[in-house]
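> heads up, no residue letters with this:
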């Protein structure tokens, strides 16, 4: 029986950029990681005990070939402090998209990580201490969300 999500693993060719994104922008913290024989990091929610995101340096995994490399479509996190997180994204000039789902009391921010994995941040409206965000039409979640790797050079 499934009891919940344990972790998501992302392959990257830049541990530094990926760590900067998930720590400095998203707000996760480094977690203890055993020596697994390949470079990588584990990340956990602030104050949390369990690593929920594992990141591996892709070029160091000998069993991977172009035929077996896979991309994660997206990762969804429960998030808090909408304004602070949005400010972290905007200050770094990272492209982002948003949505307000009134019927579910949910605010969403979507942003790509430096590897092209879409990160979905879900905020419960009733726990945010601010007004509902106004999302401009050009910032609305759509099929036109494009990953632009050069936008992530700010994370070096």
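Structure received. Computed from a prediction, not measured in an experiment: that's the story for all the values here.

> where does residue 45 fall, phi/psi-wise?
When read as degrees, to the nearest 10, the backbone of residue 45 gives phi -70, psi 150.

> give the contact list for it.
Contact analysis of residue 45 by C-beta atoms under 8 Å, 6 or more residues apart in numbering lists 28-29, 52. The C-beta positions use only the backbone N, C-alpha and C, and glycine is treated the same way.

> pLDDT score for it?
Per-residue confidence (pLDDT) for residue 45: 95.

> What separation do you get for it and residue 149?
Distance of residue 45 to residue 149, computed by C-beta to C-beta, to the nearest Å: 27 Å.

> Tell me who's in contact with the residue positioned nearest the centre of the chain.
For the chain, residue 119 is the residue whose C-alpha lies nearest the centre (C-alpha atoms, centre = their mean; 3.9 Å). Listed by C-beta under 8 Å, 6+ apart, the contact set of residue 119 reads 26, 74-75, 77, 110-113.

> cutoff 6 Å now
75, 111, 113 (C-beta atoms under 6 Å, 6 or more residues apart in numbering).

> Brilliant, that's me finished.
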